[in-house]
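Enquirer: Turn this into a structure:
(one chain, ligands or ions: 3)
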Amino acid sequence: MSFYKQTIRDVPLDGKTVLVRADYNVPLDEDNHISDDLRIRASLPTLEYLIKRGCKIVIISHLGRPEGRDAALSLQQVSERLAVLLGRNVDFIDQTIGDKVRQLVKRAPSSSIILLENLRYYAEEEANNTDFAKQIAEDSGARYFIQDGFGVVHRAHASTDAITAYLPSVAGLLLETEYTRITEAMERPKRPLIAVMGGAKVSDKIGIIERFVEVADTIIIGGAMANTFLAYKGFSLGASKLETDQNDTIKAIYAAAEKKVGHKVDEFIVLPTDVAVSTSISHLSRRKNVPINDVDNDEIALDIGDATIETMTKLIADAGTVVWNGTLGYAELSEFAHGSARLSLSLAVQSATTSIIGGGDTADFVLKWDAQEGRSFTHVSTGGGASLELMAGKKLPGIECLLDVRK
Ligand code: ADP
Ligand code: 3PG
Ligand code: MG
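Expert: Ligands and ions are numbered 1, 2, ... in the order given. Okay, here's the model as predicted:
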């Protein structure tokens, strides 16, 4: 599957100043230190490509959702981590636009790497303000804009949309890889394609469930999402997290599924037959396995049960492709991470199965689980919302505005 936008390989960048939009919106721990650097590591191929071509590289990104300047969300520590990962000096400028940026970038030697301060210190960023975008483009002195922040291309912001009016704009290598891997799995998968869905809410993921009904051969549902499906089917889920206002949505999903597979709908949409419950959610909570028709009023379903894990593992064993979004239980507590961990293991050892993992919490989970920093899987997406929207088949504004491939 080829990408329909021009990339850094299509334009003459040698020796030029380039403006790279990265998504360095990395998770931070309680002390505001970087807790996972996947998004920084994932930006290295593009940066290394540009370094080889003698470019002066000016990088922009956001971090968090600050309201104005917020020292805890400065990109300074990202510049330090990037320097370590690249093995090169990275200059940090504590402004995003203005004289200081203009002068320091101009004075920087030809192959410098410069990271500018958090775009979201300026309200104009999220407002997709054209003057702000124009000023970033001008002050950076760049000849090309390179969009490599896959995680943010579902937003139409100044640095993802408006900016492309002021510089010829192409994709970086991460954006190209993310787009190609995810789109290929959805449109031309090695079959059978098994979709595994979980996580918190049906309502967050209607678009992607509908798309899976169209393209997948089997859909396995776990997590709190499964509770909502089971409640729709008439099971009593005690004190479990579920949504009570999704019956029309689920009805429509079943109608579409029946149209596709007829009476085999319960083999197509596979729900848990048992769940792991507890009466509390804490580090002291212990799992108890119960069939889905035997959940007491004070019990909370926090993971798929052991029999369901077995069923899932057998189904996965024959998959050509597995696309997974949403943890299968309350995986923040290891007691309720069994389903997600077992699925991770299957995907990690089944080297013939293409495994695509999307969603912020799901990616966080597999990265913590995997001793190979995610390399045990075919692709762990750096995009949360962006990967979900792409899987759902939506057009992403930050991709649409890039230059089309020349015919
Ligand atoms: P992603 O970010 O990967 O798209 P979601 O945000 O939809 O995934 O879901 C992850 C969240 O769902 C986690 O915080 C997890 O604790 C929660 N979750 C999953 N299963 C359950 C459950 N059975 N009960 C309560 N919360 C659950
Ligand atoms: C993300 O983490 O999903 C992206 O960086 C976008 O961030 P946002 O949800 O704050 O727009
Ligand atoms: Mg999430």
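Enquirer: List the contacts of Ile281.
Expert: 300, 302, 330, 333 (Cβ atoms under 8 Å, 6 or more residues apart in numbering). All C-beta atoms are positioned from the backbone trio N, CA, C, and that covers glycine.
Enquirer: Just give the number of residues close to the last one.
Expert: The one in question is Leu333. 17 (other Cβ atoms under 10 Å).
Enquirer: Might you report the residue contacts of the residue of the stretch 101-250 of the chain found nearest ligand 2?
Expert: Nearest residue of the stretch 101-250 of the chain to ligand 2 (Cβ to the nearest ligand atom) works out as Gly151 at 4.2 Å. Applying Cβ under 8 Å, 6+ apart to Gly151 gives the contacts 23, 25, 39, 382-386.
Enquirer: Let's see that with 7 Å instead.
Expert: Gly151 is in contact with 23, 25, 39, 382-384, 386, counting by Cβ atoms under 7 Å, 6 or more residues apart in numbering.
Enquirer: and if you look at Ser169?
Expert: With Cβ under 7 Å, 6+ apart, Ser169 has these contacts: 145, 147, 401-403.
Enquirer: Just give me the closest of those residues to ligand 1.
Expert: The closest of the contacts of Ser169, once distances to ligand 1 are taken by Cβ to the nearest ligand atom, is Gln147, at 22.6 Å.
Enquirer: How about that closest one, nearest residue that isn't a chain neighbour?
Expert: Arg21 (5.2 Å; Cβ to Cβ, 6 or more residues apart in numbering).
Enquirer: Close to ligand 3: what parts of the chain are there?
Expert: 360-361 (Cβ under 5 Å from the ion).
Enquirer: Nearest to ligand 2: which residue in the chain?
Expert: Asn25 (3.4 Å).
Enquirer: thinking that residue is in contact with Arg65, fair?
Expert: No. Judged on Cβ atoms under 7 Å, Asn25 makes no contact with Arg65 at a distance of 9.0 Å.
Enquirer: Between those two, point out the one with more neighbours.
Expert: Asn25 (23 against 10).
Enquirer: secondary structure element for the more buried one?
Expert: Assigned by DSSP states H and E, Asn25 belongs to neither a helix nor a strand.
Enquirer: For Glu335, see how far away it is.
Expert: 30 Å (Cβ to Cβ, to the nearest Å).
Enquirer: got the residue ranges for the strands in the stretch 1-150 of the chain?
Expert: 17-21, 56-60, 91-93, 113-116, 144-147 (DSSP state E, counting those that start in this stretch).
Enquirer: Dump these to a markdown table, plus mean pLDDT and mean neighbour count.
Expert: Putting the strands of the stretch 1-150 of the chain into a markdown table (pLDDT from 0 to 100; neighbours: other Cβ atoms under 10 Å) gives the following:
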| stretch | mean pLDDT | mean neighbour count |
| --- | --- | --- |
| strand 17-21 | 98 | 25 |
| strand 56-60 | 98 | 25 |
| strand 91-93 | 98 | 18 |
| strand 113-116 | 98 | 23 |
| strand 144-147 | 98 | 27 |
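Enquirer: How many neighbouring residues does Pro12 have?
Expert: Neighbours around Pro12, by other Cβ under 10 Å: 9.
Enquirer: Ok, Gln372 next?
Expert: Neighbours around Gln372, by other Cβ under 10 Å: 9.
Enquirer: What of Val261?
Expert: 16.
Enquirer: so who does the closest residue to Ile194 other than its chain neighbours touch?
Expert: Nearest residue to Ile194 in three dimensions, chain neighbours excluded: Ala319, at 4.4 Å (Cβ to Cβ, 6+ apart). Contacts here follow Cβ under 7 Å, 6+ apart; on that basis Ala319 touches 192, 194, 353.
Enquirer: As a markdown table, those residues with pLDDT and distance to Asp364 would be great.
Expert: Listed next are these as a markdown table, based on pLDDT from 0 to 100; distance: Cβ to Cβ, whole Å:
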| residue | pLDDT | distance to Asp364 |
| --- | --- | --- |
| Pro192 | 98 | 27 |
| Ile194 | 98 | 22 |
| Thr353 | 98 | 22 |
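Enquirer: Most neighbours among those, please name it.
Expert: Highest count within the contacts of Ala319 by other Cβ under 10 Å belongs to Ile194, 24 neighbours.
Enquirer: For the residue of the chain closest to ligand 2, which residues are in contact?
Expert: 39, 61-64, 151.
Enquirer: quick check, nearest of those to Thr17?
Expert: Ser61 (17.5 Å; Cβ to Cβ).
Enquirer: Once you drop chain neighbours, what's closest to the residue of the stretch 251-400 of the chain found nearest ligand 1?
Expert: Per Cβ to the nearest ligand atom, Gly359 is where the stretch 251-400 of the chain lies closest to ligand 1, at 2.4 Å. Spatial nearest neighbour of Gly359, excluding adjacent residues (Cβ to Cβ, 6+ apart): Asn325 at 4.3 Å.
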